[in-house]
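Peer 1: Here is the input, now give the coordinates:
(8 chains, ligands or ions: 6)
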Amino acid sequence: MSTEILEPEAAEPDLAQMDCVYAKPDTLTDTPSHYCPGCGHGVAHRVLMEVIDELGIQEQTIGVAPVGCSVFAYQYMNVDMQQAAHGRASAVATGIRRVHPDKYVFSYQGDGDLAAIGTAETIHTVNRGENILVLFINNAIYGMTGGQMAPTTLLGMKTTTSPLGRTVETAGFPMKITEMIAMLPGAYYVSRNSVHTPNAVRHLKKAITKAFQYQKEKKGTCFIEVVSNCPSGWKMTPLQANEWMEENMFPMYPPGEIKVPKP
Amino acid sequence: MSTEILEPEAAEPDLAQMDCVYAKPDTLTDTPSHYCPGCGHGVAHRVLMEVIDELGIQEQTIGVAPVGCSVFAYQYMNVDMQQAAHGRASAVATGIRRVHPDKYVFSYQGDGDLAAIGTAETIHTVNRGENILVLFINNAIYGMTGGQMAPTTLLGMKTTTSPLGRTVETAGFPMKITEMIAMLPGAYYVSRNSVHTPNAVRHLKKAITKAFQYQKEKKGTCFIEVVSNCPSGWKMTPLQANEWMEENMFPMYPPGEIKVPKP
Amino acid sequence: MAKGIVTFNIETCKGCELCIEACPQESIELSPSLNKHGYHYAVLIKDNCTGCVNCALVCPDAVITVYREKKKGKPVSVATITNVTSDITVSVS
Amino acid sequence: MAKGIVTFNIETCKGCELCIEACPQESIELSPSLNKHGYHYAVLIKDNCTGCVNCALVCPDAVITVYREKKKGKPVSVATITNVTSDITVSVS
Amino acid sequence: MTHELLIAGFGGQGVLSMGMTLAYAGMIEQKEISWMPSYGPEMRGGTANCIVIVSDKKISSPILTTFDTVIALNQPSLDKFEKAVKPGGLLMYESTTIINPPTRTDIDVQPIAAGEEASKMKNTKIMNMIVLGAFLGRTDVVAIGAVIEALKKVLPERYHHLLPLNEQALQRGKELVACMRKYNCELSNAD
Amino acid sequence: MTHELLIAGFGGQGVLSMGMTLAYAGMIEQKEISWMPSYGPEMRGGTANCIVIVSDKKISSPILTTFDTVIALNQPSLDKFEKAVKPGGLLMYESTTIINPPTRTDIDVQPIAAGEEASKMKNTKIMNMIVLGAFLGRTDVVAIGAVIEALKKVLPERYHHLLPLNEQALQRGKELVACMRKYNCELSNAD
Amino acid sequence: MRGTDVSDNSNIRLMKGNEALAEAAIRAGCQAYFGYPITPQSEILEYLTDEGRRRGMIVLQAESEVASINMVYGAAGAGARTMTSSSSPGVSLMQEGLSYIACAELPCLVVNVNRGGPGLGTIQPSQGDYFQSVKGGGHGDYHLIVLAPASVQEMADFVFDAFNLADKYRNPVMILADGALGQMMEKVEFRPYNPADHIPPKPWATVGKPKDRERTIITSLHIQPEKMEEINLHLQEKYRRIREREVRYELVQTEDAEYLLVAYGLVARIAHRALELARAQGIRVGLLRPQTLYPFPTEARRGFTTQVRGMLTVEMNAGQMVEDVRLAVEGKVPVDFYGRMGGIIPSPEEIVKALEKLMKNSVAETAEVY
Amino acid sequence: MRGTDVSDNSNIRLMKGNEALAEAAIRAGCQAYFGYPITPQSEILEYLTDEGRRRGMIVLQAESEVASINMVYGAAGAGARTMTSSSSPGVSLMQEGLSYIACAELPCLVVNVNRGGPGLGTIQPSQGDYFQSVKGGGHGDYHLIVLAPASVQEMADFVFDAFNLADKYRNPVMILADGALGQMMEKVEFRPYNPADHIPPKPWATVGKPKDRERTIITSLHIQPEKMEEINLHLQEKYRRIREREVRYELVQTEDAEYLLVAYGLVARIAHRALELARAQGIRVGLLRPQTLYPFPTEARRGFTTQVRGMLTVEMNAGQMVEDVRLAVEGKVPVDFYGRMGGIIPSPEEIVKALEKLMKNSVAETAEVY
Ligand SMILES: Cc1ncc(C[n+]2csc(CCOP(=O)(O)OP(=O)(O)O)c2C)c(N)n1
Ligand SMILES: Cc1ncc(C[n+]2csc(CCOP(=O)(O)OP(=O)(O)O)c2C)c(N)n1
Ligand code: SF4
Ligand code: SF4
Ligand code: SF4
Ligand code: SF4
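Peer 2: Numbering: from 1, shown residues only, chains lettered A, B, ... in the order given. Ligands and ions are numbered 1, 2, ... in the order given. Okay, the predicted model is just below:
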């Protein structure tokens, strides 16, 4: 059948009679993203902005995005933003947090940024229990620079700097930094999520909402990992990528609540 | 009674008839150390050199000592040594290890060095399972620079940068980096020790001996913490310091084997 | 079965097909034609949409708006957390 | 009881008193006089030393040498590990 | 003889490898060559271009602002680089995707419906080779033989089964322009 | 009037605080002052020294190589700095610990058995104040009163109960040299 | 003794240079300090963790200098008067961050209490970081405003100036001192200063976006070269203005000078003593002391090329500022150099000797010493 | 296409500059590479993880540039031919390490494929890191030997020279390229080179201490100022020797030149084209291209002050090398500057225009452009 009949124009009349049950959040700008088709960054951006909209905290929120594919986050997130040097997002967020104790502060970091060059800043920020939300996008690769190996790259996984697949001898083990983070008393809430299915997206949204709630109550660091994809870096279609992710990433990085407040 | 009769001179004749059951290891130079009276660094140095002597590996050993009171280690340890930048000892050791896969390589690091500025290098070196020995002297303070707070400084502990005692709000929690290290698959043997009693010293010596044995077998990173003192930084006599250490440091940093190879 | 409809901001669609995968009704497909960025864009090809919002949730480019017939009453809120200390329930249709 | 004796390289002693604390026989004390670095140095003040090596083990400055009467035979080795996979026993006196 | 060429189009159109193949062919012919790509952060939908210089003598600047030939494979590239053609130079553009043709009259304009032709040949990937063939039909920068040699080097082993197809594409491109100039018509429409 | 002074000894002998007290006293007397310590990494058994300048006019260089007065509290310091005394200047040394006295004849040499005196006073910590008192007995750089004022500032509150003792020490030092010059003998031996 | 132990809190104090600087920071309304211990400047962090916190300042001991400078980036970007301090090796670790801060135009104060390098070197005073400070040790074309105090009083005064300049130009400012200045004690007087009168509004800061304004973005990323060049031209234009307006220096007995000593910081005071000695010998010598190293008093020097027979630059390094002197003088008079390194402080007598050498016009030779 | 995809492994290749450099490193007997990805030089790391490892090289992707440079310290100190590579922001993070390496006198190669700064800036080509490279971006008085290739061929050739120089002087050597040189492809020819003939014995290296020799110690710590000054004097003496012996530059049509273009790297080739255009207009212009930025061809320039009417320095920055040109020329002839920034590459035509401006002798003006 032709698509005409259902094209928005045609449908327009009806829409008035209907409830809009889902629309792009206002806090997400209309700028078309530079992300590759199917990249999880886009969903993570949207969900984060949805929560900020629903909590009505756009005016009190300050975000930090370091180098990485999401370095342009400030083009899409309509809140005050700081772009940070590679690996230093949590240090920058600390600076902001300390001078604005009552604002909402988040950092949005990739695995290379958070788990490689930024390891010290990440761990000490959480160890200080900085009252911020760290959103950690783990796609097991360096996307922006063209698909090099990351600390989270799986053993045997091929990247431009592990052309024969990652081996322990040359590069050590995939790093489960989120589990290490959870050990720190400064970490109040630690959760691992994904954005590849509707339910996963719903869960992430809950997690982020909780995190901001905890931040309001000054509970300490909330750390949310999003196991995500990188179709370009992985050299797969978005659908293949998400499938590969479930099969290969989840066994190593199982989604779920890792550290939840005692009731 | 007078001390005369037993002064070495007097005793000399007998000594010939006796067994020497303990003497300064040859691999420890005769240079008098710059360490403060009663400082644990001295004992740790001696024990490390004793093991190297007993295993007869002086000729195959390369050591690394970064900035910290032990930066002058190369004056005391009679093995090839590299002095490293603050926090980078394990990166330097990695460089050495990779070009000399069959030598024995150790790094000797303080808590400021290993757990603050060097956090990233430490964690990634162990994560790569670099086949080295990391000897970690935890005196809960920055000794060399005059007694500032370290990541391992206890809550409430007074230092020149926590004049009212460390608080979570200003400085976060004492960091148990050794437990984090133990989580990494690259860590083969992880042990926490002290040097304040004869038995503690004996245990440390065993641990170091094992570590070199494992290194010979290319098992991966061996990480040995020595909970130590800093009489000057703590503003105590050596005896007070050791007592304070037992009472206050041990509850937070309990000595013992933290990760041992499965038999 | 609720009656819904989705609209696509086709110029921002990148044809990643995630919405197609997510749609339980198999109501979405890529159009044969290209948008001005050279992507085949998603279109609704059946009228059996229930407005379940799945497609919109997984869309990386916020291309999709979802409508649902009024009679079903109160709009579906996707997660509003009031008291986080207790458990949270999120109602979707 | 073994008969032992310890000698001190007094010029390198810093008078930290750790050996004194470690000596089960209470055979060590600090001398009233100073060495050339201005420290009161450790000296043996009784002849009841058993050569247990404790003082030497805790000395941060490797000041102490310990001797023991021959009859006791084989010198005490402080930890020599031959086969680390099995348990290690270290004999001291 | 020195030929200075700019090739521009979408990232996916094989702009860079086309230039590289040409450069390699030049090398095979013992010429001096340089290949200068545009480069950016990893992202889709962007435009790419490369400057290729083939010359008998040492090449000074690998970066230029005007060219003997510009090959444009999409509209933005055409719009951007039309003015960069030296007076009397050649402007070749892919006429299936480009709707607004160039307007300059002081240059030699050559449309080539490589996209359409590629789909006829059941492999859109070889579009760039058709264009390259067409280019070689209009200039004698290098011999087609050299390009075919070059392809052997440029294509990873695992793609060598595609060599014949690429060769056809090159020839087809050459024919297209040849015949177009003969009948001054679009061959594709002619048959 | 400008007085340039160097004080040197073991770390533990209170060399730096002695200089600081003097500097502070100078400040109380509205003089220009500077205090320049030697500094090193945290370790024991090292020697320390400080340069103190007290002057009526603005002080240019706080770092000097020759001095109006050198006060040496241990042998190494004496050996090192004897030559740094300006001809005609004053060299004061602590004579209980220093065995080899200075040899220069072109300067004014003043021994002071402050260590011995301090033990008599049952507090070795005040040795440096005895020396300071002696110094003030030999020069009029600042009034003892100002030094006592200064001590109130220099000593942390919790040590203020020690002020009287310090005052005695200062006075004792002053007496010692006064009388030594009178009888040209070591008072300590005299009684 | 710590400044805080001075029980009376009058405005006249006997303080170490490091303490005076820290006290000044509090009085200048510095809201946040982030730093890491390193000799010979740890007193700054120590003073602030005690006195600073007591007086409401945010003071955080970071896990490293890299973290410190990036915390400064965040706090300054969020609108706070912010500073950090370190010494040579630590400042080297801040170079990436400084380049980011300069490009994002974030006002802040960075203190370098210079010690002897290269490498771990020594903790003794040095001026070996002149190039790093004024030419930009980080990547790309940027400049810090660099102030060089020569007394404990200036260690304090320049803090106020530094924050004012930083806010005025939205530019990072460095105070370049040395270990001796940090450790020595002198009388210091604090004049009244009300931060409120000096801190401008910061509409560009990230403080949370009200409905009625666009979001603020702190960034140093401009992937389009055209845009990035714009930014650079804007920066260069700003630096031109700074060179035009903010040059500061001190002249000592230059009116009748036949020779000119050029020195900054502690060395300038030793040179001053040398000048006294030299004049006592009848040598007519003057002293020019740059107080701003960037902008550099180029014009001032040009002025003297017609008056003096030669210049002697004295530094605690192998000859760094001397290049800027030569650039200014353009070969019109011989510019000589005398320096000591590795933490050694030149004595007045040595300087006089070097001066006599210059007078014998053995320029080339001495210039080649290092 | 990757250099490795060129199936025949003859010695003549079509390669990207980054790949040619990496291939040269393998052939130069580089035993160990430590690096971290960053555009526009990641191809070096990528090439070596593949081809380098296949041919027995130790290749480690470090967790950061700070780790990389310290791994280089360790490996070089242990006696291996060692290198790292990065681009501007990454190189800024290496400044502390470089200062240590220079002081400990460890031979190694550091590659900076310069991109546009400051800050994160852009990934497009730039020469904004000249000061950092030649004046020492790290703390203290030290110098790297800095080589500036202008073609893919030199990207390869200079690697061999770099390692030879590093070993000859026990000094870190930097190859300062730019993004375009790294990304462009040209023909490159590899001449035979047997590392064994060039790598000297390294008795100072830490390899484990045989009974018959003292232990070796790699350090940059000398707490005694006297000792530290000794070290510094030794380094300065070495730098003097390097300045004396290792200056390298290329002259183009300078014999009859009335004006002199001065440029390095890629810009020199654009200037060359400009020279061709200018000469076509009858302007008698020559080109001086420094191949070593440190040591800088100072004498060469002095030479021309008597011949030419003016010099034009062209750079992809706000004017950095021009300072060294002016220092050499000492005001004897006008030295003009033309530059583009932020990743923009000047065109031959622009350069000719700037040249005409210089001829109209509007020195001051254009000199003030930035
Ligand atoms: C100091 C420094 N080193 C390296 C880089 C290059 N760089 C930019 S982003 C990046 C890593 C990106 O990977 P990740 O953080 O996982 O984010 P992703 O792009 O995968 O989302 C690197 C290495 C840089 N910009 N700065
Ligand atoms: C980059 C850098 N930052 C800071 C310092 C100053 N510094 C030297 S040692 C040290 C810490 C020493 O503490 P620790 O590592 O615990 O060793 P300890 O002295 O207690 O044995 C610091 C901060 C330095 N040398 N380099
Ligand atoms: S490169 Fe990977 S991470 Fe980056 S936008 Fe593309 S898909 Fe996403
Ligand atoms: S300062 Fe502390 S750690 Fe350093 S030597 Fe003295 S006691 Fe030992
Ligand atoms: S998920 Fe979004 S971007 Fe992807 S095809 Fe569907 S509508 Fe287009
Ligand atoms: S332990 Fe050693 S240093 Fe301490 S008192 Fe005894 S002998 Fe002296």
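Peer 1: can we go C-alpha only for contacts and neighbour counts from here?
Peer 2: Noted.
Peer 1: quick check, the helix or strand harbouring E:Glu149 touching chain H?
Peer 2: Here E:Glu149 sits within helix E:144-154, counting by DSSP states H and E. Yes. Judged by CA under 8 Å from any CA of the partner chain, helix E:144-154 comes into contact with chain H at E:153-154.
Peer 1: does C:Ser33 count as helix, strand or coil?
Peer 2: What DSSP: H, G, I helix; E, B strand; the rest coil gives for C:Ser33 is strand.
Peer 1: actually E:Val54, not the one I typed
Peer 2: Using three-state DSSP, the structure places E:Val54 in strand.
Peer 1: count of residues packed around it?
Peer 2: 26 (other CA atoms under 10 Å in any protein chain shown).
Peer 1: Nearest residue to it in space, ignoring adjacent ones along the chain?
Peer 2: For E:Val54, ignoring the flanking residues on the chain, the nearest one in space by CA to CA, 6 or more residues apart in numbering or on different chains is E:Ile33 at 4.6 Å.
Peer 1: just G:Lys227 next, same as before
Peer 2: G:Lys227 sits nearest to H:Gly342 (CA to CA, 6+ apart), 7.7 Å away.
Peer 1: quick one: secondary structure of whatever residue of chain C ends up closest to ligand 1?
Peer 2: Ligand 1 sits closest to C:Pro60 of chain C, with a gap of 14.0 Å, by CA to the nearest ligand atom. Recorded secondary structure, C:Pro60: coil (three-state DSSP).
Peer 1: And for E:Ser34?
Peer 2: On the basis of three-state DSSP, E:Ser34 is classed as strand.
Peer 1: Show me the beta-bridge partners of it.
Peer 2: On the basis of DSSP bridges, E:Ser34 is bridged to E:Ile53, H:Glu186.
Peer 1: can you pull the contacts of A:Leu135?
Peer 2: Neighbouring residues of A:Leu135 by CA atoms under 8 Å, 6 or more residues apart in numbering or on different chains: A:106-109, A:223-226.
Peer 1: Closest to B:Thr159 out of these?
Peer 2: A:Phe223 (30.5 Å; CA to CA).
Peer 1: residues near residue 146, how many?
Peer 2: You didn't pick a chain, so chain A it is. Neighbour tally, A:Gly146, other CA under 10 Å: 23.
Peer 1: you looked at the wrong chain, it should be chain G
Peer 2: Look at G:Val146: counted by other CA under 10 Å, it has 24 neighbours.
Peer 1: And it, its phi and psi?
Peer 2: The phi/psi pair for G:Val146 (degrees, to the nearest 10) reads phi -120, psi 120.
Peer 1: That one and G:Leu176 touch, don't they?
Peer 2: Yes. Between G:Val146 and G:Leu176 there is a contact under CA atoms under 8 Å: 6.6 Å.
Peer 1: and for the two, which residues touch both?
Peer 2: Shared between the contact lists of G:Val146 and G:Leu176 (criterion: CA under 8 Å, 6+ apart) are residues G:Ser133.
Peer 1: Contact partners for the residue nearest to G:Val252 when sequence neighbours are not counted?
Peer 2: Counting by CA to CA, 6+ apart, G:Val252 lies nearest to G:Leu287, which is 4.9 Å off, once chain neighbours are set aside. The neighbourhood of G:Leu287, defined by CA under 8 Å, 6+ apart, consists of G:251-254, G:260-263, G:268, G:271-272, G:275.
Peer 1: how about these in a markdown table, adding distance to C:Val66 and pLDDT?
Peer 2: Compiled in a markdown table, these are given as follows (distance: CA to CA, whole Å; pLDDT from 0 to 100):
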| residue | distance to C:Val66 | pLDDT |
| --- | --- | --- |
| G:Leu251 | 76 | 97 |
| G:Val252 | 79 | 97 |
| G:Gln253 | 82 | 97 |
| G:Thr254 | 81 | 96 |
| G:Leu260 | 80 | 97 |
| G:Leu261 | 78 | 98 |
| G:Val262 | 74 | 98 |
| G:Ala263 | 73 | 98 |
| G:Ala268 | 74 | 98 |
| G:Ala271 | 79 | 98 |
| G:His272 | 80 | 97 |
| G:Leu275 | 84 | 98 |
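Peer 1: Can you flag which of those residues belong to helices?
Peer 2: Counted as lying in helices by DSSP state H, out of those, are G:268, G:271-272, G:275.
Peer 1: Of those residues, which qualify as buried by neighbour count?
Peer 2: Using 16 or more other CA atoms under 10 Å in any protein chain shown as the burial test, these include G:268, G:271-272, G:275 as buried.
Peer 1: just checking: which of those residues also lie near ligand 6?
Peer 2: The subset of those within reach of ligand 6, by CA under 6 Å from any ligand atom, is empty.
Peer 1: Which one of the residues you listed is nearest to chain C?
Peer 2: Nearest to chain C among these is G:Ala268, at 62.6 Å by CA to the nearest CA.
Peer 1: contacting residues for the closest residue to the closest one other than its chain neighbours?
Peer 2: Distance criterion CA to CA, 6+ apart; nearest residue to G:Ala268, sequence neighbours excluded, is G:Arg289 at 6.2 Å. By CA under 8 Å, 6+ apart, the residues touching G:Arg289 are G:249-251, G:262-265, G:268.
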